[in-house]
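[1] Output the structure for:
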Amino acid sequence: MSGRNLNKEIFLNTVKSDASNGTSNAIVMLKHSCPELADAHCEDIVASILGAMTMSDSDKVSLVVTAPPSFAINARTTMNVVQSMINEANRNILITGYSLSSYFSELVDTIIQKSQRGVFVKFFVNDIDKQPSFDKILRHKGRFLKIYNYRQDDDKMAALHAKVISVDQQQTLITSANLSYHGQQGNIELGTLIGSKQIAKQIDDIFTKLIFAKEFCEI
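    Numbers count the residues shown, from 1 in each chain. Okay, the predicted model is just below:
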């Protein structure tokens, strides 16, 4: 199987089969289709998809992909999903940024404008001192725009590596894609868009507990 014809239905059925049989064929399939992904990332993606698939019938899950135009796969693109989620947010946005590039500047403007209109934004950042692209959003932090930094002085290799966007406690995107050109268009990235109040609340709870545990420091 090549990356050009990864079949969504076969892949999801393989994830289900692995869960029942204790096998890891979906990870092998994903790694073979997308060799650029590290083994750990493939495992995380498959685990996220499995978790999403075991939710209630009222919840909705869809595959989200960053891929070359030649990919023949029936899925929404990361760039379109990210833009849609942020543009349509009405109450709150939770977003994590392992890395943020100038390519994302237009959506940064949208996030700032949303916060100025009363949309509550929580932006979790990895080692912000090394990311000048956050300078603009830092200038607008305030009551409705909170920025939390993750920095581990004791372990220089530790990082906030999760890429998550959750809006209005309704929809959550969990993806391998960074907030950058390559994450949104250039790389091969996979994720899931989850329409679930339960999952959105769980994610918000996790980051809230990390704040109280002082794993994140508010800027």
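[2] Next up, the contacts around the residue lying closest to Ala200 once chain neighbours are set aside.
    Distances taken as Cβ to Cβ, 6 or more residues apart in numbering place Gln169 nearest to Ala200, at 4.5 Å, with adjacent residues excluded. In short, each C-beta sits where N, CA and C put it, glycine included. Gln169 makes contacts with Arg91, Asn92, Lys197, Ala200, Lys201, Asp204, as judged by Cβ atoms under 8 Å, 6 or more residues apart in numbering.
[3] for Lys197, same thing?
    Contact analysis of Lys197 by Cβ under 8 Å, 6+ apart lists Gln169, Gln170.
[4] before we move on, back to that, buried among the contacts of Gln169? Need that as a selection in ChimeraX.
    Written as a ChimeraX command, the selection of buried residues from the contacts of Gln169, which uses 16 or more other Cβ atoms under 10 Å, is:
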select :92,200,204
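[5] Is Ser101 in contact with Gln185, as I believe?
    No - under the criterion of Cβ atoms under 8 Å, Ser101 is not in contact with Gln185, lying 11.3 Å apart.
[6] Would you state the strands of this protein in chain order?
    Remark: strands assigned in the chain by DSSP state E are 60-66, 76-77, 92-97, 120-126, 145-150, 163-167, 171-175, 189-195, 217-218.
[7] Save those as a markdown table, and put in mean pLDDT and distance to Val108 too.
    A markdown table is the format used below for those (pLDDT from 0 to 100; distance: least, Cβ to Cβ, whole Å):
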| stretch | mean pLDDT | distance to Val108 |
| --- | --- | --- |
| strand 60-66 | 88 | 19 |
| strand 76-77 | 87 | 20 |
| strand 92-97 | 94 | 10 |
| strand 120-126 | 94 | 10 |
| strand 145-150 | 94 | 11 |
| strand 163-167 | 96 | 13 |
| strand 171-175 | 95 | 17 |
| strand 189-195 | 92 | 20 |
| strand 217-218 | 92 | 19 |
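[8] want to try CSV for those, with distance to Pro132 as columns?
    Below are those laid out as CSV (distance: least, Cβ to Cβ, whole Å):
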stretch, distance to Pro132
strand 60-66, 24
strand 76-77, 27
strand 92-97, 13
strand 120-126, 12
strand 145-150, 14
strand 163-167, 20
strand 171-175, 24
strand 189-195, 23
strand 217-218, 19
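[9] now the helices: where do they sit in the protein?
    Read by DSSP state H, the chain holds these helices, from start to end of the chain: 8-21, 25-33, 39-53, 78-88, 105-116, 135-139, 181, 197-212.
[10] Least reliable of these by average pLDDT, please.
    Ranked on mean pLDDT, the bottom entry among the helices of the chain is helix 39-53, at a mean of 77.
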